[in-house]
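> Below are the sequence and a predicted model for it; my questions follow.
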Amino acid sequence: MKRRLITSALPYVNNVPHLGNLIQVLSADAFTRFCRLRGYETLYVCGTDEYGTATENRAAEEGISPQELCDRYHAIHADIYRWFNIAFDKFGRTSTPIQTEVTQDIFTKLDVNGFIVEHTDQQLHCAKCDRFLADRYVRGVCPHCGYEDARGDQCEACGKLLDPTELKEPRCSRCGSTPILRSTKHLYINLPKLKDQLEVWITVAAEKGDWANNAVQMTQAWIRDGLRERAITRDLKWGIPVPKAGYENKVFYVWFDAPIGYISITGNLGAERSGEPGFPADWHDFVKHWWKAPDDVELFQFIGKDNIPFHTVIFPSSQLGTGEQWTMLHHMSSSEYLNYESGKFSKSKGVGVFGTDVKETGIDADVWRFYIFYNRPEKADSLFTWKDFQEKVNGELIGNLGNLVNRTLSFVTRYYDGMIPDSDGSASAMFWNKVREFEADISAKLEKAELRDAFRAIFELSSFANKTFQEGEPWKTRKENPPAAAVLIHDLCYLIKDLAILIHPYIPVAAEKIAAFLGQRIGKDALTWASLGETSGLSRISSEVLFSRLEDDFINTLRQRYAGTQQERAAEKPDLPALPPFIRFLDLRVAQIVKIERHPKADKLYIETLEIAGEERVIVSGLVPFYKEEELLGKKIIVAYNLKPAKLRGVESRGMLLAASLKDEDDNETVEALDAGDAPTGTHVTLEGVASEPPAEIDIDTFFSVPLAVADYTVVSGGTALFIDGKPIKTRVIANGGVH
């Protein structure tokens, strides 16, 4: 079994990544997690791409050094990826001494082998700024599509690679002046001279590694249109020095050294962990173990389609030209574009939802991961809309997967005392044959890094399980045919175990929670890919609600917040939510019922007088069918304190008593008023681990938009426990149900 070396495109460091940028990092993460669970020796490296024009330009605009800018944004990137639970072996950076050493070594070998040539160029020079303008310092009209703000290296509108001199109506991006052409010397990599070697390698690698169609097509187009010598030096200060006489004041072009960053980041990992188990004393040997072992290692690279030529032509040419035996690209997973609402995500223009935005929404990282994978632009551009995000989360993540887990495990809790029923060895062969067909197909798709198709197949399997539950009618067969009900629930519990393994590469936190419900964990010496299909070893279960529904008001608010550009949003500074719904909207407090009487105009309503830290309030509740007056009088309960007053059959109610409820299959309802124990009246209910200020008054619709539930006898919001005085709020009768 060959080792697997995995990379994702190095994100450029001068800005915050948006959802479109995150696709490659997340995709490589999912594939990495799959490979580890499958038993492959795996290494996943990535890092910030830090040299070049854009960094130097941005730093100059902000009046700081390029290194200061890189340090700031590297930390921002690392924090975002940490929040998304990306399982890098190393998230590094390219502004390191090892990057300089490796890049200069590759260049020197190319030069010695005759693949570097020198040309005197006519380059745009800005007289006002007194400097030659590198590609990204020039803006103008694209000669191919007419886009009026194309960069000098690549047009964002049509994706064509450019030379700054090709732009019509060029202008200096810093001062706006019209530059003029002046002579300057630069070094080029002689791609035409490498063409024969490159074509032989491409023909074999593309077929053997099953490259994405867009990677094959774009690479073939480059070869068909004729390879050109490409400049690898620039007139900049921020970059890797060129080790050649006469070029002391120039640096390497960022797209020559950036892919080399994969190698140097591996080297930095080796240097940091030198001498540890699995790491040699010399980082050079660690690099050789992964990057100079073509017979033992397969390289999988995850990029966006705009980066394809640099990974299938330029970087491989640099490797081939050294004459050394490199680990070279095996599989190219190159995604298409993810567009935003009515246009494109754009870092430069600040359009879209960015990593820092996502963290502030209060929506779990796994929910975002789910949607990105479910909507991954695998073979065609896809579109992010808030409406589709809401529908997919509520319909598939919650309505399909979450529903299966909740209904099955709740059934075990309620009818089997939390113990998975014994099937007496009579597990359904037909059921498991179908399940294993699904699992074989999913595994095959993941081996080829067809991440979206595999993910959707997982949800098809979950849908099949939901249908099996529904058709099996265990609420009936537990009475009419108990052995059949036991087999069904037993099989579904083990399928849920399999689903936890299958979703782990994509939504790892949810997967670990589901595994924990079953008394298991996922990873080495625990559940792995080899555990799929096993139908023994589980016993007692627990459960809670995995995810909260995304309500219309909340989604509409987010849509408004993330309209326009980042700059426009910062200027408007809208007063919009950035915390979990419970924190944003609910003020729940302990109250004591000091007086209770029947409502004179309603048979099912009580009028209760409450004492809340010396304050007296009157509320109306519908507890007559469930409690006698003497059972409630003196009881400490929980009240929605900030609910707007409302008249119920002529009596003003200033708040609402909270109770858990559950209906059985015959529609009989059980209601349990939440018990506040001996906590002092006025005590605030808190969300575990979160401190907050009391929110403003809310209406009843807003109240019901906040997820509240009972999971395994614990009151939760969005899967997080609610506390009073440091103790979780517990129920005695209802194990799993709603709260209102």
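It's in.
> Over to residue 734. Which of the three states is it?
Three states are possible here, and by DSSP: H, G, I helix; E, B strand; the rest coil the one that applies to residue 734 is coil.
> Show me what the residue nearest to it when sequence neighbours are not counted is bridged to.
For residue 734, ignoring the flanking residues on the chain, the nearest one in space by C-beta to C-beta, 6 or more residues apart in numbering is residue 660 at 4.4 Å. C-beta: built from backbone N, CA, C; applies to glycine. Applying DSSP bridges to residue 660 yields these beta-bridge partners: residue 672, residue 739.
> so how far is residue 243 from residue 660?
72 Å (C-beta to C-beta, to the nearest Å).
> Counting neighbours, go ahead and name the busier of these two.
Between residue 660 and residue 243, counting by other C-beta atoms under 10 Å, residue 660 is the more crowded of the two (25 against 15).
> contacting residues for the more buried one?
By C-beta atoms under 8 Å, 6 or more residues apart in numbering, the contact list for residue 660 reads 671-672, 674, 710, 715, 731, 733-734, 737-739.
> Need the buried ones from the residues you listed selected in ChimeraX.
Below is the selection syntax for ChimeraX that covers the buried ones among the contacts of residue 660, with 16 or more other C-beta atoms under 10 Å defining burial:
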select :671,672,674,710,715,731,734,737,739
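> for the record, mean pLDDT for the helix or strand harbouring residue 498?
With elements delineated by DSSP states H and E, residue 498 resides in helix 482-503, which encompasses its position. Average pLDDT, helix 482-503: 96.
> quick one, helices of the stretch 251-400 of the chain?
For the stretch 251-400 of the chain, the helices defined by DSSP state H, counting those that start in this stretch occupy 254-257, 261-272, 283-291, 308-309, 315-321, 355-360, 365-374, 386-392.
> among those helices, which is the most enclosed?
Neighbour counts (mean count of other C-beta atoms under 10 Å) averaged over each of the helices of the stretch 251-400 of the chain peak at helix 254-257, with a mean of 26.
> Need the residues that contact it.
Contacts of helix 254-257 from elsewhere in the structure, counted by C-beta under 8 Å, 6+ apart, are 49, 51-53, 94, 99, 103, 107, 153, 189, 232, 234, 239-240, 310, 314, 318.
> The helices of the stretch 251-400 of the chain: lowest mean pLDDT?
Ranked on mean pLDDT, the bottom entry among the helices of the stretch 251-400 of the chain is helix 355-360, at a mean of 85.
> What helices and strands are in contact with it?
Applying 3 or more C-beta pairs under 8 Å, 6 or more residues apart in numbering; DSSP states H and E, we find helix 355-360 packed against helix 19-38, helix 66-83.
> between those, which one is nearest to residue 468?
Of all those, it is helix 19-38 that lies closest to residue 468, at 25.1 Å by C-beta to C-beta.
> What's the mean pLDDT across the helix or strand following that closest one?
Taking DSSP H and E as the definition, the helix or strand that follows helix 19-38 towards the C-terminus is strand 42-48. pLDDT averaged over strand 42-48 equals 97, rounded to a whole number.
> For residue 298, see how far away residue 284 is.
According to C-beta to C-beta, residue 284 stands 22 Å off from residue 298.
> Look up the closest residue to residue 308, ignoring the ones flanking it.
Distances taken as C-beta to C-beta, 6+ apart put residue 218 closest to residue 308, at 4.6 Å, once the chain neighbours are dropped.
> Wait, the one you found touches residue 310, no?
No - if you go by C-beta atoms under 8 Å, residue 218 and residue 310 don't touch, sitting 10.8 Å apart.
> picking up where we left off before, same list (the helices and strands packed on helix 355-360) but as JSON lines, adding mean pLDDT and mean neighbour count.
JSON lines is the format used below for the helices and strands packed on helix 355-360 (pLDDT from 0 to 100; neighbours: other C-beta atoms under 10 Å):
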{"stretch": "helix 19-38", "mean pLDDT": "95", "mean neighbour count": "24"}
{"stretch": "helix 66-83", "mean pLDDT": "91", "mean neighbour count": "18"}
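> For residue 603, identify the helix or strand it belongs to.
Assigned by DSSP H and E, residue 603 falls outside every helix and strand.
> how near is it to residue 182?
Distance from residue 603 to residue 182, by C-beta to C-beta: 93 Å.
> Those two: who's more crowded?
In this view residue 603 and residue 182 are compared by other C-beta under 10 Å, and residue 182 has more residues nearby, 12 against 8.
> tell me the secondary structure for the more buried one?
Classification of residue 182 into helix, strand or coil gives strand, according to three-state DSSP.
> Report the beta-bridge partner residues of it.
Under DSSP bridges, the beta-bridge partners of residue 182 are residue 123.
> OK, contacts around it?
Contact criterion C-beta under 8 Å, 6+ apart gives 122-125, 132 as the residues in contact with residue 182.
> Check those residues for burial and list the buried ones.
Burial of those was assessed by neighbour count (16+ other C-beta under 10 Å); the buried members are 123-125, 132.
> Which member of the residues you listed is positioned nearest residue 165?
Ranking the buried ones among the contacts of residue 182 by separation from residue 165, with C-beta to C-beta as the measure, puts residue 124 on top at 6.5 Å.
> So the closest one is in contact with residue 166, correct?
No - taking C-beta under 8 Å as the contact criterion, residue 124 and residue 166 are not neighbours in contact, 10.8 Å apart.
> For residue 457, find the nearest of the helices and strands packed on helix 355-360.
Using C-beta to C-beta, the nearest of the helices and strands packed on helix 355-360 to residue 457 is helix 19-38, at 13.3 Å.
> angle of that closest one against helix 365-374?
Between helix 19-38 and helix 365-374, the angle comes out at 100 degrees (axes from the mean of the first three to the mean of the last three C-alpha atoms, to 10 degrees).
> Render the CA-only coordinates of helix 19-38 in PDB, please.
As requested, C-alpha coordinates have been extracted for helix 19-38 and formatted as PDB (Å, rounded to 0.1, in the frame of the first residue of the first chain):
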ATOM      1  CA  LEU A  19     -16.000  30.000   1.200                       C
ATOM      2  CA  GLY A  20     -14.800  29.500  -2.300                       C
ATOM      3  CA  ASN A  21     -11.200  29.500  -1.200                       C
ATOM      4  CA  LEU A  22     -12.000  27.100   1.700                       C
ATOM      5  CA  ILE A  23     -13.200  24.400  -0.700                       C
ATOM      6  CA  GLN A  24      -9.700  23.100  -1.500                       C
ATOM      7  CA  VAL A  25      -8.500  23.100   2.100                       C
ATOM      8  CA  LEU A  26     -11.700  21.300   3.200                       C
ATOM      9  CA  SER A  27     -11.500  18.900   0.300                       C
ATOM     10  CA  ALA A  28      -8.000  17.800   1.100                       C
ATOM     11  CA  ASP A  29      -9.000  17.500   4.700                       C
ATOM     12  CA  ALA A  30     -11.900  15.100   3.900                       C
ATOM     13  CA  PHE A  31      -9.700  13.000   1.700                       C
ATOM     14  CA  THR A  32      -6.900  13.000   4.300                       C
ATOM     15  CA  ARG A  33      -9.400  11.800   7.000                       C
ATOM     16  CA  PHE A  34     -10.700   9.100   4.700                       C
ATOM     17  CA  CYS A  35      -7.100   7.900   3.900                       C
ATOM     18  CA  ARG A  36      -6.200   7.700   7.600                       C
ATOM     19  CA  LEU A  37      -9.400   5.700   8.400                       C
ATOM     20  CA  ARG A  38      -8.600   3.400   5.400                       C
END
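> For the remainder of this discussion, apply numbering that starts at 526.
All set: I'll call the first residue 526, so the last point we hit is now helix 544-563.
> That helix vs strand 567-573, what angle?
Angle of helix 544-563 versus strand 567-573, following the same axes, to 10 degrees, is 160 degrees.
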